[in-house]
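1. Sequence and predicted structure below; questions after.
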Amino acid sequence: MSKKPERHPCIRCSRMPDENDKYCAVCGAPVLNRCSDEPGILKKGCTFVNPPTAAYCVKCGEPTLYLTHGLLQTAYPSANKPSSIAGFR
Ligand SMILES: [Zn+2]
Ligand SMILES: [Zn+2]
């Protein structure tokens, strides 16, 4: 039994994407709300598929694609990294 990420209508235009679509054919929005932490040369990356409402990845705290594409609003700046407090060095 293969477990596929659940499909949902486009967050922007409500079009139902085809099974293999990565981006919406109508408006170009990402179909899946993946973590923006892409695999790179020196890192594994995360790319966890988050719920459509998640502004930050529930696995690593990086912004999700929906947030980086401006498709979600959040009142909070990212807090996944320790903020540098002035005088605390
Ligand atoms: Zn769309
Ligand atoms: Zn992540």
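-> That came through, no problem. The shown structure was predicted, so the numbers you read here are calculated from the model rather than taken from an experiment. Residues are numbered from 1 along each chain as shown. Ligands and ions are numbered 1, 2, ... in the order given.
2. and the spatially most central residue of the chain, what is it in contact with?
-> Residue closest to the mean C-alpha point of the chain, counted by Cα atoms, centre = their mean, is T64 at 2.3 Å. Contacts of T64 were listed using Cβ atoms under 8 Å, 6 or more residues apart in numbering, and they are 33-36, 50, 54-57, 72. C-beta: built from backbone N, CA, C; applies to glycine.
3. Do a quick rundown of the strands in the protein.
-> Secondary structure of the chain by DSSP state E: the strands cover 33-34, 49-50.
4. Now render the contacts of T64 as TSV, adding pLDDT and distance to R7.
-> Formatted as TSV, those follow (pLDDT from 0 to 100; distance: Cβ to Cβ, whole Å):
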residue	pLDDT	distance to R7
N33	95	12
R34	95	14
C35	97	18
S36	96	20
N50	96	14
A54	96	16
A55	97	20
Y56	97	22
C57	97	19
L72	94	18
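5. can you pick the most crowded of those?
-> N33 (26 neighbours; other Cβ atoms under 10 Å).
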